[in-house]
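>>> Just the structure for this:
(chains A and B)
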Amino acid sequence: MQLYKDQHLRVHNSLTGKKEVFEPINEGHIGMYVCGPTVYSNVHLGNCRTFMSFDMIFRYFKHLGYKVRYVRNITDAGHLENDADEGEDKIAKKAKLEQIEPMEVVQRYTVDFHNTLQKFNFLPPSIEPTATGHIIEQIEIIKEIIEKGYAYEINGSVYFDVIKFNESNEYGKLSGRKLEDMIANTRELTAQSEKKNPQDFALWKKAEPQHIMRWPSPWGDGFPGWHLECTAMSTKYLGETFDIHGGGMDLKFPHHECEIAQAEASNGKSPVKYWLHANMLTLNGKKMSKSTGNNIYPFEIFSGENDILSKAYSPSVVRFFMMQAHYTSILDLSDDALLASEKGYNRLMDGLENLEKLKTTNTSNFDVKAWKQKCYDAMNDDFNTPILISHLFDAVKRINLIKEGKETITEEDKALLQQTMNSFVFDILGLENQKSVGEDTNALGGVVELLIKLRNEARANKDFATSDKIRDELNALGIQLKDGKEGTTFSIN
RNA sequence: GGCAUCGUGGCCGAGUGGCUAGGCACAGCUCUGCAAAAGCUUGUACAGCGGUUCGAAUCCGCUCGAUGCCUCCA
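Numbers count the residues shown, from 1 in each chain, chains lettered A, B, ... in the order given. Now for the predicted structure:
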């Protein structure tokens, strides 16, 4: 029995601006495409947030029992530097700068990307195709668009004819723009453009002699335009229409708008049923930007080597911090916010550990089934992880009360609670318990237990000087002792 | 200038017409040898100004402000 038959999901569709009941095109199967990174520099934290949102969504779909094909591309051909004639491939430019082969740049930053995502405990997508691996498919789509009359060739380059397209289709429907307004607001380009009008975008660019990344085509040597790779790869692996297309909010226009135009022009169908957009991450209230220095890389957070934060934070704490905000909201990263999240994260993980050791009775005054459904309701409402987390904290509170003997739980309810907590915390939110050091299994745990024993002996003898010394010095080492009704436990932070 | 999203208590962040998440911080209490941990209690929050309504943080209008896009960007 698949869970999705009971759990009815609603998603916010950017195309309509509304929350809609989610119904996949083919029952039980989901095709999802997410625009991946351009691998010309280290992946930054804002990128990670977007991919993390879709990782969580991917995880939830899988949890519900869907068969998901999740395609997330690697853009290794680079995008055009700009719209004008001097268009230059971003990756080629970086390569020249560093005097290495373009594919060397691609390789280096692809590895960085994968390493970083792995630290954040990402699930790998089903397919991770590259733009350079799909040049032939891209050329085929260009041919089709030309055939249908929505593109034209000039001097070895091919451009999409937006005005022509807009006569029969609606260019701008995703981002809420009107072509007339865009024409009226066009900024004057100083460089003379060969395009028929400024709204047209490149499908194929002629390669200048100095351009390293180049492929032969019916229009001469060149390279594909900015938006084409996603159309080519999503169509190839998910079909002409598929369920979900995701990406960062900043890609809505022009990138996703152009994808819609390319697909509609080439095969006459709107490519995507649900468009999902993840919102931006800001740093101290401002846009992340390398040029202003308001920027931080994941590895700088993990190591603590940065000028912005007071200490290092583990990947799972950062993940928890991001999951505390809804994916469609702008989230602001700051030291205060991370500090608060870290404490909350520790509380959640302590709760999970306490749950394991909970004593059970014949009666239960915690309605675990009702609580469990509330967790699903939160996720079913457009993946509302902040509400889910509030329910998880409710459970932590109940766990602590049961531990104190103020409430009770049956063996059966305890098992259900454990199973549900583990599903949501680890499988769906993708968190990891990175704070405990295996209290019972390593030497450190044994040493701390020994000290707890010595301390309790001292306390029994009213030798508080000794007992407090043990407690305070352990605390200084980051080991916190917790006296409870059932004895003393500890946690390592 | 245009388009979009948004402005919630000390901080972060949910919530879309009445039942008013959650985390962190602060204060009081219980527990404790004292603490810590845990639990309990308290906070008269919805940018401003109008309007609709029996009733608005939630709908409408205007003003101010923020963020993103309009040029590569998740």
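
>>> The residue of the stretch 51-200 of chain A found nearest RNA strand B: neighbouring residues, count only.
Relative to RNA strand B, the nearest point of the stretch 51-200 of chain A is A:Gly176 (3.4 Å; Cβ to the nearest atom of the strand). Where you see a C-beta, it was placed from the backbone N, CA and C, and this is true even at glycine. Counted with other Cβ atoms under 10 Å, residues neighbouring A:Gly176 total 10.

>>> List every C-alpha atom in stretch A:296-309, with coordinates, as PDB.
Only the C-alpha atoms of stretch A:296-309 are listed here, as PDB (Å, rounded to 0.1, in the frame of the first residue of the first chain):
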ATOM      1  CA  ILE A 296      30.200  32.500   2.500                       C
ATOM      2  CA  TYR A 297      31.100  29.000   1.200                       C
ATOM      3  CA  PRO A 298      29.900  25.900   2.900                       C
ATOM      4  CA  PHE A 299      33.400  24.700   3.800                       C
ATOM      5  CA  GLU A 300      34.000  28.000   5.600                       C
ATOM      6  CA  ILE A 301      30.900  27.400   7.800                       C
ATOM      7  CA  PHE A 302      32.000  23.800   8.600                       C
ATOM      8  CA  SER A 303      35.500  24.900   9.400                       C
ATOM      9  CA  GLY A 304      34.600  28.100  11.200                       C
ATOM     10  CA  GLU A 305      37.300  29.900   9.100                       C
ATOM     11  CA  ASN A 306      35.400  33.000   8.100                       C
ATOM     12  CA  ASP A 307      34.800  36.600   9.300                       C
ATOM     13  CA  ILE A 308      31.100  36.400   9.400                       C
ATOM     14  CA  LEU A 309      30.200  33.700  12.000                       C
END
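
>>> does RNA strand B sit close to that stretch?
No: Stretch A:296-309 lies out of reach of RNA strand B by Cβ under 7 Å from any atom of the strand, never closer than 10.7 Å.

>>> Where does the prediction get shaky in the stretch 301-450 of chain A?
Confidence mapping of the stretch 301-450 of chain A against pLDDT under 70 gives the ranges A:435-441.

>>> show me where it has strands.
A:331-333 (DSSP state E, counting those that start in this stretch).

>>> Now do the helices in it.
A:315-323, A:335-356, A:368-380, A:385-403, A:411-422, A:443-460 (DSSP state H, counting those that start in this stretch).

>>> Doesn't the residue of the stretch 51-200 of chain A closest to RNA strand B lie inside a strand?
No: under DSSP: H, G, I helix; E, B strand; the rest coil, A:Gly176 falls outside any strand and is assigned coil.

>>> For the residue in the stretch 101-250 of chain A that RNA strand B sits nearest to, which residues are in contact?
Across the stretch 101-250 of chain A, no residue is closer to RNA strand B than A:Gly248, which sits at 1.5 Å (Cβ to the nearest atom of the strand). If a contact means Cβ atoms under 8 Å, 6 or more residues apart in numbering, then A:Gly248 has A:Cys35, A:Gly46, A:Asn47, A:Thr50, A:His277, A:Ala278, A:Asn279, A:Met280 as its contacts.

>>> For it, grab phi and psi.
phi -70, psi 150 (degrees, to the nearest 10).

>>> before we move on, back to that, now flag whichever of the contacts of A:Gly248 is closest to A:Lys369.
A:Ala278 (32.2 Å; Cβ to Cβ).

>>> got a list of what the closest one touches?
A:Ala278 neighbours (Cβ under 8 Å, 6+ apart): A:Arg49, A:Thr50, A:Ser53, A:Phe54, A:Gly246, A:Gly247, A:Gly248, A:Met249, A:Tyr327, A:Thr328.

>>> Helix or strand: which one has the third one?
Taking DSSP states H and E as the definition, A:Ser53 sits inside helix A:45-63.

>>> now for the helix or strand following that helix, which elements pack on it?
Tracing the chain C-terminally past helix A:45-63 and defining elements by DSSP H and E, one meets strand A:67-72 next. If contacts are counted by 3 or more Cβ pairs under 8 Å, 6 or more residues apart in numbering; DSSP states H and E, strand A:67-72 sits against strand A:29-34, helix A:45-63, helix A:228-238.

>>> before we move on, back to that, what about the helix holding A:Ser53, near RNA strand B?
Yes: counting by Cβ under 7 Å from any atom of the strand, RNA strand B is contacted by helix A:45-63 at A:Gly46, A:Asn47, A:Arg49, A:Thr50, A:Phe51.

>>> coming back round to it: can you add distance to A:Gln2 and mean neighbour count and give the helices of the stretch 301-450 of chain A back as JSON lines?
Putting those into JSON lines (distance: least, Cβ to Cβ, whole Å; neighbours: other Cβ atoms under 10 Å) gives the following:
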{"stretch": "helix A:315-323", "distance to A:Gln2": "24", "mean neighbour count": "23"}
{"stretch": "helix A:335-356", "distance to A:Gln2": "27", "mean neighbour count": "17"}
{"stretch": "helix A:368-380", "distance to A:Gln2": "14", "mean neighbour count": "18"}
{"stretch": "helix A:385-403", "distance to A:Gln2": "20", "mean neighbour count": "19"}
{"stretch": "helix A:411-422", "distance to A:Gln2": "17", "mean neighbour count": "17"}
{"stretch": "helix A:443-460", "distance to A:Gln2": "41", "mean neighbour count": "14"}
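
>>> Let's have these in CSV, adding distance to A:Asp468.
Listed next are the helices of the stretch 301-450 of chain A as CSV, based on distance: least, Cβ to Cβ, whole Å:
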stretch, distance to A:Asp468
helix A:315-323, 30
helix A:335-356, 23
helix A:368-380, 40
helix A:385-403, 25
helix A:411-422, 35
helix A:443-460, 9
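
>>> which stretch among these comes nearest A:Lys269?
helix A:368-380 (28.6 Å).

>>> If you count contacts, what does the closest one end up packed against?
For helix A:368-380, the packing partners by 3+ Cβ pairs under 8 Å, 6+ apart come out as helix A:385-403, helix A:411-422.

>>> about what we covered before: what is the nearest of the residues of helix A:45-63 next to RNA strand B to A:Arg319?
Of these, the one sitting nearest to A:Arg319 (Cβ to Cβ) turns out to be A:Arg49, at 9.7 Å.

>>> So what's the residue count around the residue in the stretch 1-150 of chain A that RNA strand B sits nearest to?
Closest residue of the stretch 1-150 of chain A to RNA strand B, Cβ to the nearest atom of the strand: A:Gly46 (2.2 Å). Counted with other Cβ under 10 Å, the neighbours of A:Gly46 add up to 21.
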